[in-house]
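Participant: okay, here's the prediction I keep looking at, along with the sequence it came from:
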Amino acid sequence: MYFNEEFETMPKAALESLQLKRLQNVLERVYANVPFYRNSFDKAGIRPGDVKGLADLQRLPFTTKQDMRDSYPYGLFAAPLEEIVRIHASSGTTGKPTVVGYTRKDIDNWSDLMARSFAAAGVHKGDIIHNAYGYGLFTGGLGAHYGAERLGASVIPISGGNTKRQIMIMQDFGSTVLTCTPSYSLFMAEEAAAEGVDFKSMKLKVGIFGAEPWSETMRQEIEAKLDIAAIDIYGLSEIMGPGVAIECIEAKQGLHIWEDHFIPEIINPETGQRVADGELGELVITTITKQGIPLIRYRTRDITRLIKEPCVCGRTHARIARLSGRSDDMLIIRGVNVFPSQIESILVGIEGVEPHYLLVVDRKGTLDTLEVQVEVNDSLFSDEIKVLQALGKRIEKEIKDTLGVTCTAKLVEAKTIQRSEGKATRVIDKRKL
Amino acid sequence: MNVEQISIFIENKSGRLAEITSILDEAGINIRALSLADTSDFGILRLIVNDREKAKSILKERGFTVNKTEVVAVEVPDRPGGLARILKTLDSAAINVEYMYAFVERCGENAVIIFRFDETDKAINTLQANGIAILDGERLYRM
């Protein structure tokens, strides 16, 4: 089912001419209003007027997360603050988050795209959407919420946490749609089983899962345990939030990226050059309708490939394959983005702790675990167990307080963690998704 | 008066204790007393040896984290009530025992108890004032 048939099934040629018109418009806007873009375009020797066709997009410089940090908090906004009606933020590596602002029109478009995404997943007016994405600075909760309302479905803004209550409400309210992270859905299934609640007896028919990487195997597990269709959704706050791309329920083969608002490219992360059609590489997105904070050729660091073949659902928008990794070292642990450098800066802030550490990520049952290994050197060592245990607790607390992720600190013998000779291994990810 | 103990950090992995004892063996170091405190992830091996400096440097050379701590050794007759009297004395003086371990002397008449206190000097004064014999470090190392 379509939410906006005209745009969702727009013939390729018309879609491309719309993209070009919107691209030219956004380039003029950022060049005029954002000093960062004016400088970077000038440096690259290109003017908005030089972009005559979509192929010219590759001549423009990239925008990175670092550029967003350097412009903290509002430096990349292309609209004046009085036009901004909402501000979201995602975690940053140095304690400073990445900030995004939305104009009323941006929220309007986002609601539309999220409503389209729900419709693509088979959701319609009359459905009851149990929205367990977190509400707050994170875009997940409010993004899905506005889309649900735009579609005309009933939304339960339950947010995250308190799983027992979630299950009770899902059961009693007759929820038909679940939105959360894929791992949380499995955790819910476990909790429900422990409570003697059978998901098969619920009205739930579809789950829309995102904000962390998952796999086909996990999809099968979720579909079997929750007795639903599990749909993959993609989004990132820098670009908009949830609803940038989604699988259609007809095919469940790749995520349609809404090309009338975003232009996707796949590049080789080493060279920055576009890869051949269908090849794997880093996803780069240009937002062509955003007003608050349009981003030109934003490097998402997500690894995928573009599928341009027509889809059985009739949507003409290209698809991105299920994400297969990252081109940087960002970890997603229980939906929280964590960079090893963030943990490093916390560790070196604790007196006596050396910057030699190892992060071991695993998935025990359905939930991700993070173990932070720290060496016990002369200055940290004590003949008393309680002193060393207090050190472990302090590391765990500081990481929890700063990054919002629960970890266990493991004290290991000195000089046993690999030293950085060039590129040290800081992370062992044992998760089999 | 005080006794020096060396403590070694070890992860809970097989073979670590064996490795330490063979390093000490190769260096001709004799262990007088030992205790191992453990958690699920790591342990602390505490040793009284005949040659602390040598033991410490040789273990450090082999990559172990080692420190020295002052402990107090008390000699008590090896019979019922020997330890109880000492602990009662410490308790009345509100002295906290961080940890302790014990061994029996070769002749079998006395036991030696190694104490780790927060306030070592206060503990020694209290014990002596109550007529409890404190063992000299040098005697213990040679024992």
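Facilitator: Everything's here; your move.
Participant: got the domain ranges for the chain?
Facilitator: Looking at chain A here, since you left the chain open. A:5-327, A:332-429 (automatic domain parsing).
Participant: that was the other one, I meant chain B.
Facilitator: Listed domain ranges for chain B are B:3-69, B:70-142 (source: automatic domain parsing).
Participant: rank these by pLDDT, which is bottom?
Facilitator: Among those, domain B:70-142 carries the lowest mean pLDDT, at a mean of 89.
Participant: what ranges do the strands span in chain B?
Facilitator: Per DSSP state E, chain B has strands spanning B:3-11, B:31-38, B:42-49, B:66-77, B:97-104, B:110-117, B:134-135. These are given in chain order.
Participant: how far is the last one from where the chain is centred?
Facilitator: What that stands for is strand B:134-135. Distance of strand B:134-135 from the chain centroid (Cα atoms, centre = their mean, to the nearest Å) equals 12 Å.
Participant: other SSEs contacting it?
Facilitator: Contact here means 3 or more Cβ pairs under 8 Å, 6 or more residues apart in numbering or on different chains; DSSP states H and E; on that basis strand B:134-135 packs against strand B:66-77, helix B:120-129. From N, CA and C alone the C-beta is placed, and that goes for glycine too.
Participant: quick one: end-to-end distance for stretch A:283-302.
Facilitator: End-to-end span of stretch A:283-302 (Cα to Cα, to the nearest Å): 6 Å.
Participant: what about residue A:190, helix or strand, and which?
Facilitator: If you go by DSSP states H and E, residue A:190 is part of helix A:182-195.
Participant: as a markdown table, the domains of chain B with distance to residue A:308 would be great.
Facilitator: Conversion of those to a markdown table gives the following (distance: least, Cβ to Cβ, whole Å):
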| stretch | distance to residue A:308 |
| --- | --- |
| domain B:3-69 | 51 |
| domain B:70-142 | 69 |
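Participant: in JSON lines: those domains, plus mean neighbour count and distance to residue A:250.
Facilitator: Converted to JSON lines, those look like this (neighbours: other Cβ atoms under 10 Å in any protein chain shown; distance: least, Cβ to Cβ, whole Å):
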{"stretch": "domain B:3-69", "mean neighbour count": "17", "distance to residue A:250": "50"}
{"stretch": "domain B:70-142", "mean neighbour count": "15", "distance to residue A:250": "67"}
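Participant: how about the residues of chain A near chain B?
Facilitator: Residues of chain A lying close to chain B (Cβ under 8 Å from any Cβ of the partner chain) are A:376-378, A:381-385, A:388-389, A:410-416.
Participant: before we move on, back to that, could I get the helices and strands packed on strand B:134-135 as CSV with distance to residue B:2?
Facilitator: Shown next, in CSV, are those (distance: least, Cβ to Cβ, whole Å):
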stretch, distance to residue B:2
strand B:66-77, 5
helix B:120-129, 7
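Participant: so which of the ones you listed comes closest to chain A?
Facilitator: Closest approach to chain A among those is made by strand B:66-77 (4.5 Å; Cβ to the nearest Cβ).
Participant: so which residue is dead centre in chain B?
Facilitator: Taking Cα atoms, centre = their mean, the centroid of chain B lies closest to residue B:114, which sits 4.7 Å from it.
Participant: pretty sure it contacts residue B:73?
Facilitator: Yes - look at residue B:114 against residue B:73 with Cβ atoms under 8 Å: they come within range, at 5.4 Å.
Participant: overlap in contacts, the two.
Facilitator: Here residue B:114 and residue B:73 have B:3, B:48 as joint contacts, going by Cβ atoms under 8 Å, 6 or more residues apart in numbering or on different chains.
Participant: ok, the nearest residue to residue A:142 once chain neighbours are set aside - how many residues close by?
Facilitator: Among residues not flanking residue A:142 along the chain, residue A:135 sits closest, at 6.0 Å (Cβ to Cβ, 6 or more residues apart in numbering or on different chains). Neighbours of residue A:135 under the rule other Cβ atoms under 10 Å in any protein chain shown: 17.
Participant: show me what contacts residue A:135?
Facilitator: By Cβ under 8 Å, 6+ apart, residue A:135 lies in contact with A:141-142, A:145, A:157, A:159.
Participant: of these - the most surrounded one?
Facilitator: When neighbours are taken as other Cβ under 10 Å, the top entry among the contacts of residue A:135 is residue A:142 (25 neighbours).
Participant: doesn't that residue belong to a strand?
Facilitator: No - residue state for residue A:142 (DSSP: H, G, I helix; E, B strand; the rest coil) corresponds to helix; a strand is not indicated.
Participant: pLDDT weak spots in chain A?
Facilitator: For chain A, the stretches flagged by pLDDT under 70 are A:91-95, A:419-424, A:433.
Participant: residue in it nearest to chain B?
Facilitator: At 3.7 Å from chain B, residue A:383 is the closest residue in chain A, using Cβ to the nearest Cβ.
Participant: tell me which helix or strand that residue sits in.
Facilitator: In this structure, residue A:383 is located outside every helix and strand according to DSSP H and E.
Participant: returning to that earlier point: I'd like to know which of the residues of chain A next to chain B are part of helices.
Facilitator: Members of the residues of chain A next to chain B lying in helices (criterion: DSSP state H): A:385, A:388-389.
Participant: in CSV: those, plus neighbour count.
Facilitator: Shown next, in CSV, are these (neighbours: other Cβ atoms under 10 Å in any protein chain shown):
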residue, neighbour count
A:385, 16
A:388, 21
A:389, 16
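Participant: adding distance to residue A:327, write the residues you listed out as a markdown table.
Facilitator: Below are those laid out as a markdown table (distance: Cβ to Cβ, whole Å):
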| residue | distance to residue A:327 |
| --- | --- |
| A:385 | 43 |
| A:388 | 38 |
| A:389 | 38 |
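Participant: element containing the closest residue in space to residue A:349 that isn't next to it in sequence, please.
Facilitator: Using Cβ to Cβ, 6+ apart and skipping the chain neighbours, the partner closest in space to residue A:349 is residue A:398 (7.4 Å). In the assignment (DSSP H and E), residue A:398 maps to helix A:385-403.
Participant: again, but for residue A:130
Facilitator: Going by DSSP H and E, residue A:130 is part of strand A:128-131.
Participant: who are the packing partners of that strand?
Facilitator: Here strand A:128-131 touches helix A:139-151, strand A:154-156, helix A:163-173, strand A:177-180, going by 3+ Cβ pairs under 8 Å, 6+ apart.
Participant: again, only using 7 Å
Facilitator: Where contact means 3 or more Cβ pairs under 7 Å, 6 or more residues apart in numbering or on different chains; DSSP states H and E, strand A:128-131 is packed against helix A:139-151, strand A:154-156, strand A:177-180.
Participant: which residues are in contact with the closest residue to chain A within chain B?
Facilitator: Residue nearest to chain A within chain B: residue B:7 (3.7 Å; Cβ to the nearest Cβ). Residues counted as contacts of residue B:7 (Cβ atoms under 7 Å, 6 or more residues apart in numbering or on different chains) are A:383, B:44-46, B:66-67, B:69.
Participant: contacts only, for residue 76.
Facilitator: I went with chain A, as the question did not name one. A:34, A:36, A:68, A:293.
Participant: that's the other chain; I wanted chain B
Facilitator: B:82-83, B:86, B:110-111, B:113.
Participant: can you do 8 Å?
Facilitator: Applying Cβ under 8 Å, 6+ apart, we find residue B:76 in contact with B:82-83, B:85-86, B:110-113, B:132-133.
Participant: same check on residue A:4?
Facilitator: Each residue near residue A:4 by Cβ under 8 Å, 6+ apart is listed here: A:112, A:116.
Participant: one more: the one 4 residues further on?
Facilitator: Applying Cβ under 8 Å, 6+ apart, we find residue A:8 in contact with A:2, A:116, A:120, A:314-317.
Participant: noted, bye for now.
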